Structure formats: C-alpha cells, structure tokens
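Visitor: here is my input; please provide its structure:
(chains A and B)
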Amino acid sequence: MEAFTTHTGRVVPLRRSNVDTDQIIPAHWLKKVTRDGFEDGLFEAWRKDEAFVLNQPERRGATVLVAGPDFGTGSSREHAVWALQNYGFKAVISSRFADIFRGNSLKNGLLTVVLPQPVVDRLWELAETDPTAEVTVDLVARKVLAPGVEADFELDENARWRLLKGLDDISITLQNEDAVAAYEALRPSFKPRTQVA
Amino acid sequence: MGRTLAEKVWDDHVVRRAEGEPDLLYIDLHLLHEVTSPQAFDGLRKNGRQVRRTDLTIATEDHNTPTLDIDKPIADPVSRTQLETLRKNCADFGVRLHPLGDVEQGVVHVVGPQLGLTQPGTTVVCGDSHTSTHGAFGALAFGIGTSQVEHVLATQTLPLAPFRTMAVTVNGELPADVTAKDLILAVIARIGTGGGQGYVLEYRGEAIEKLSMEARMTICNMSIEAGARAGMIAPDETTFAYLQGRPHAPEGPEWDAAVEYWRTLRTDDDAVFDHEVVIEAAELAPFVTWGTNPGQGAPLSAAVPEPATFDDPSERYAAEKALEYMGLSAGQPLRDIAVDTVFVGSCTNGRIEDLRSAAAVLEGRQVADGVRMLVVPGSVRVALQAVEEGLDQVFTAAGAEWRHAGCSMCLGMNPDQLAPGERSASTSNRNFEGRQGKGGRTHLVSPPVAAATAVLGHLASPADLSDVADHAVPAGV
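Guide: Sure thing, here's the model as predicted:
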C-alpha cells in the first residue's frame, strides 16, 4: 500500500448524501478482474449529466472529494475505492462513512476523513466560491487546512500508523502466526469444515 | 457485568489482543464468489502465499451468472473471463467450488445455510455486504472488501476495530399480513441508512423468536442497509431444528457438544446494550420503499411523502432527488404506482418460503398485461424443492418467468436488468439509482406484495386482491 502523510489539492464539492457504492462504480464494471482501469466508471451515471460537478472544467485535476453524510453505503465492493483512486482522488471528506467502505479505503491508502457537517459545509462553500482553493489533509498533524478552515480529525492510532508507513496488513498478521496456530489447536472439533482432510 | 451475544462470539474468536491494536479475530467460514475474489487471489500469487485453510473456505458462482441458457457458453466475454478466473483460482489453490450447473450452486448466502455450514457462534465473512444474512444463526457475520478477502485467505484471521451493540426489540406478534421483509424495511426507515453505523444489531423479542430461520435470514440480511456492521439473532430450538441433519451439521456426540455450546450464546440478563430500539409488532403493516435508498420507505397504505416535511436538510434534499429520479410526486398514494417489472428472488427473499408465499398469491391468478415477472430461486436446491412442490408450474401458469438460480436482477450485473425508465417491485435489498439497470426505478417489497403487485400492475398487497378473485390471503412468512 502507498503511504499517506500529507496531501494538498483542489476540491470536488459533491453535495449529495447517501452516495452508495453503486453510484461510485456501477455493477457492470465489477466484471473486471484487475484493480485498475475503473476511472471511467466512477460516478458513471451522474457523469452523463454535463452539469455534474465532476464534469466542470475547473474541477479537472482536483484530488480531494468532499461529500455529504453516509458516503460509501451499500455493497462491499472495493472497486469503489479503486475507482476513486484510479480517477486521481487521494482523500475523501464526509461527516459519516459506511463502515466497509471506510475499511476498504484505509487498506488502499485512500484517506477518508470524518469532519462535522458544518466544516463540510464550509469546504463546499469555499470550493464553490473559489475553485482554485486548495485544501491540505495532513495525517501527521491530523488536521484539515484550507483558507479560513482549520479542523482536527480523529483516526484511530493503529490505522494512522499503518497509513503513514504504508504497511501491508497481511505481513503484520503473519508475524503473529504462532498465535494463530495456538488458537487453531484449541478450536472445538464440532466447528464446520468445507472439506474433509 | 454480563455480555451480549455479539460480545460472546467476538471474545471466543480473539487470536491476539494487544494494547492500541485492533483485536485479531479468527474466521470460521470464508465464502467466496467470482466478483470480489480475483484481485485477492492475484495478491496471494504475487506474494507467493497459499490459502491457509481450504477446509474453512468455499466458493460458488452467483453475481455474474446468467439465469437463462446456463448450459450454453456465457455470451459476454468479460463475464465469462470472470467465472473462468474463479474456476482457475479455486483449482490452483485447492478451494471447493460449486460452479454454474452444480446442484449446490446458488447465491452464496443461500448456499452456506442450506449446507449447514453457517452455525451458531461462528465468524463468517464474504466479500459481499449481505453476509450479515448468516447472523440469523447467532453467527457474527459481515461483509468485507477484497483486501480483507486476501487477508483471510492468507491468514484465516482479520484485524477488526471494536463495535458497539444495539438491541432491536420487536414486542408482540406480527399481524398475519406482515412479513419479515416488512419488519426490516420498517426498522431501516426508523433508524436510517446510517443509524446502525459501527453497531452490531441484535434482533430480539417475541416477534423475532416466532420467526422461521428463513424469515430471520431476511431480517439479518438487510442489517447492512441500516449501515450496521452485522445483525444477529440468538440461536434457539428453531435454529437447532433447522440445522440438524444438514450436510455439514455436526453429528452424534459432536452435535451434543455443539448444542451445549450454542445454548450459551444468549445475551446475559445483566448485559447492557449501547443503544436500544423498541418496535411494537402490532403497529406494522406491509411496507414498501418510494425512494432511492432502503431507508426511504413507508407503509403501503401511505402516500409519497412531501420532501419539505423532512427536518434534516440533507434528508430533505435526498428526498427531492429521489422523487425526481423515481418520477414520483409528493402526495401520490403508493398504491397508485404502476410497475412494469416484478422480481422475486435474491439473498433477501429467494428462499423456499419466499417462493411459496409468492406462489400462494399467484395461484389461479394472472400476471397483469404489460408486466414482466421474473422468479429467480436463490439456489439450485431451492429450485428443485420448488419444482417438487409444483411452484414453478404456478409461476409459469400465471405468466411469470421461472429462471435458474443466481443474484440476477438484484444487482443487474448479468443480463437480467431494467431498461431506462422501467419500474420494478422487487423483493431484493437495494433501491439505489440504477441498481437494477441504468435508469431503472426500484420499489423494495415483500414476496406477497410482489405477487399481488404483479397481478394488479400497481403496488398492492394480497388483501387488495379480494375483489379480483375469491382467494385466501396467505399468512405472513
């Protein structure tokens, strides 16, 4: 996973709540067996509308998505995270994320930042008034900074450490293989098996 | 202090606990399908890793499979490649697979329980958000992303952030015309699509205890639509009776040992939930959605709401957007909404009891002109049972299409889709924009409501059919 320390970029203000993962990447894109090539599927249905925020020329190259509450609800498809990253987003800010989406994002180095709705409102106003305004998402200091905005955010220390270092979860777990083997030795024999050894 | 059911199952699976780190949990059962696994197997190959416990892993094909002409090569080359990739991955890594055409194939959340693999007190994961279904057995079951699929394949464990607990207590008895689907839609409308965020829900109370296992699966299935981490129901005699004799259920002394353990899986009397919601079963009625998220629902007897009546500005805006997308106006009675498509199936409502309740409404009646009705059994086993009971004949005689098992129109990944502007009454779980096909409009309903809607051509419950033909109204499932 790519490490995340701090990022500065322009904002895409997405004034929608309950942006579900079917909107982020529709199901027909899920037939692909790779982790890349999803950028054209990102918000595919909404992008058919010329007025959609992602189609505005001044949003080209923006890297921070600021969305309404309950972003990433619905399906567990990690393709939603890959689509956002393939398109160029580095961070998503919302007042509330769906759990599975949030977990997926942090495992891929896409920083999802929870900020109170009033701060989200200010970032929306800022980006709409001045599309060139930049926002900095600083994971080291756990702060979001923009003209007239300085907001602290929470992220559990372990997740933050893994992101800062770009650590791969599986390698960390494999260091505890003894503990896994010890647990397995004590599992009750009535537990189900899909194959008989 | 006592512990809740969820806390007991969690504690029994902690492999490693360390200050400042998420608990490392052991996973008893890992279910795989073709859509969310290919990139995970790629990761294993890239790092030279194996599947740690093939005996705790099982795969089937469901999301992307056709429901017609399943004996012919799959027409779409991209879909075909995805299925071939799963077959190769399972062969290379020694994972048991039930492919299209196999008697055990079906929607992954229907297959696990019917094989008896889903058991009380187990941890169950799958790269699919509706894994919450398995919580009906008192399992801690949740959907995961592809990175986590790879993690479980390689280690049979997952590092997991702590959760909060919420009791959803349903007092009293459900009215005869109210199904598990109506109940869970009402719960989601009450707590909202984000209301369960961070929580494991435990459904309890008299109304829940009286539900069949299949109805309990319908309830737990949609926990994710309330944003919950998982949903659970304490195992009881109904659970044990469902499991006994299934292919992977324990036998003999193992069965006795298992049941002894399973009986301990109840929330202690002195346990405290972080949050509690109480629902009176008697107040419930057939429930349908009018909007574009599963929380935007109302009793069938109600009207499309006026967005201005929502206090929360983002909910108000969401309601405005939803009505625009759905082509509805505030104040319109829900019963007046005409549909052109009816879908019965999915991991929510694709089991035998669901098909029985839809068939009971359709028997001796006809699907309305201009309405296409698809009936897609949740698994091959469900289909075989339905055929044995003659339900397929009831459906086809009524003018519905009887299809092969799979996820089908629930997510519109295979050719079973709505065309732009088409409107469905669907027994599935999500009414998101374009979920069932680009530009398609979805109303979530129970199986009896789906069948009654098919007959009348507009949203309706079996009770509305009394003047169409003299017919008994089936009891709620």
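
Visitor: I'd guessed residue B:401 sits against residue B:374; true?
Guide: Yes - contact between residue B:401 and residue B:374 holds when scored by CB atoms under 8 Å: they sit 5.1 Å apart. Any C-beta I mention is one placed from the backbone N, CA and C, and that applies to glycine too.

Visitor: who's more crowded, these two?
Guide: Neighbour count, other CB atoms under 10 Å in any protein chain shown: between residue B:401 and residue B:374, residue B:374 has more, with 21 against 15.

Visitor: beyond the helix or strand encompassing the more buried one, next helix or strand please.
Guide: Taking DSSP states H and E as the criterion, residue B:374 maps to strand B:372-375. Following the chain from strand B:372-375 toward its C-terminal end, the next helix or strand by DSSP H and E is helix B:380-388.

Visitor: give the rounded mean pLDDT of that following helix.
Guide: Helix B:380-388 shows a mean pLDDT of 98 in the predicted model.

Visitor: repeat for stretch B:153-172
Guide: Averaged across stretch B:153-172, pLDDT comes to 97.

Visitor: give me the longest strand you can find in chain A.
Guide: In chain A, assigned by DSSP state E, the strand with the most residues is strand A:6-14.

Visitor: what's the first helix or strand after it?
Guide: Stepping forward along the backbone from strand A:6-14, the first helix or strand reached (DSSP H and E) is helix A:21-24.

Visitor: got a list of contacts for that next one?
Guide: Under the contact criterion CB atoms under 8 Å, 6 or more residues apart in numbering or on different chains, helix A:21-24 has outside partners A:42-43, A:45-46, A:72-77, A:79-80, A:83-84, A:98, A:101, B:411, B:430, B:432-435.

Visitor: can you show me the CA trace of it as CSV?
Guide: Backbone C-alpha positions of helix A:21-24 (Å, rounded to 0.1, in the frame of the first residue of the first chain) are rendered in CSV as follows:
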residue,chain,number,x,y,z
THR,A,21,-21.2,2.3,-4.0
ASP,A,22,-23.5,1.5,-6.9
GLN,A,23,-23.2,5.2,-7.8
ILE,A,24,-19.5,5.3,-7.2
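
Visitor: return the list of helices and strands in contact with the next helix or strand after that helix.
Guide: Next along the chain after helix A:21-24, taking DSSP H and E as the criterion, comes helix A:44-47. For helix A:44-47, the contact count by 3 or more CB pairs under 8 Å, 6 or more residues apart in numbering or on different chains; DSSP states H and E identifies no helix or strand as a packing neighbour.

Visitor: just the C-alpha atoms of helix A:44-47, please, in CSV.
Guide: Backbone C-alpha positions of helix A:44-47 (Å, rounded to 0.1, in the frame of the first residue of the first chain) are rendered in CSV as follows:
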residue,chain,number,x,y,z
GLU,A,44,-20.7,6.8,-14.5
ALA,A,45,-24.5,7.6,-14.4
TRP,A,46,-24.1,11.1,-12.9
ARG,A,47,-21.3,12.0,-15.3
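
Visitor: and the contacts of that helix?
Guide: Contacting residues not belonging to helix A:44-47 are listed as A:23, A:25-26, A:29, A:52, A:54-55, B:433-434, B:438-439 [CB under 8 Å, 6+ apart].

Visitor: which is the next helix or strand following it?
Guide: Next along the chain after helix A:44-47, with elements defined by DSSP H and E, is strand A:64-67.

Visitor: give the contact list for the residue nearest the centre of chain A.
Guide: The central residue of chain A, meaning the one whose C-alpha is nearest the mean C-alpha position (CA atoms, centre = their mean), is residue A:105 at 3.7 Å. Residues counted as contacts of residue A:105 (CB under 8 Å, 6+ apart) are A:72, A:81, A:84, A:92, A:97, A:111-112.

Visitor: can you redo those residues as JSON lines with neighbour count?
Guide: Putting these into JSON lines (neighbours: other CB atoms under 10 Å in any protein chain shown) gives the following:
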{"residue": "A:72", "neighbour count": "30"}
{"residue": "A:81", "neighbour count": "31"}
{"residue": "A:84", "neighbour count": "26"}
{"residue": "A:92", "neighbour count": "27"}
{"residue": "A:97", "neighbour count": "25"}
{"residue": "A:111", "neighbour count": "24"}
{"residue": "A:112", "neighbour count": "22"}
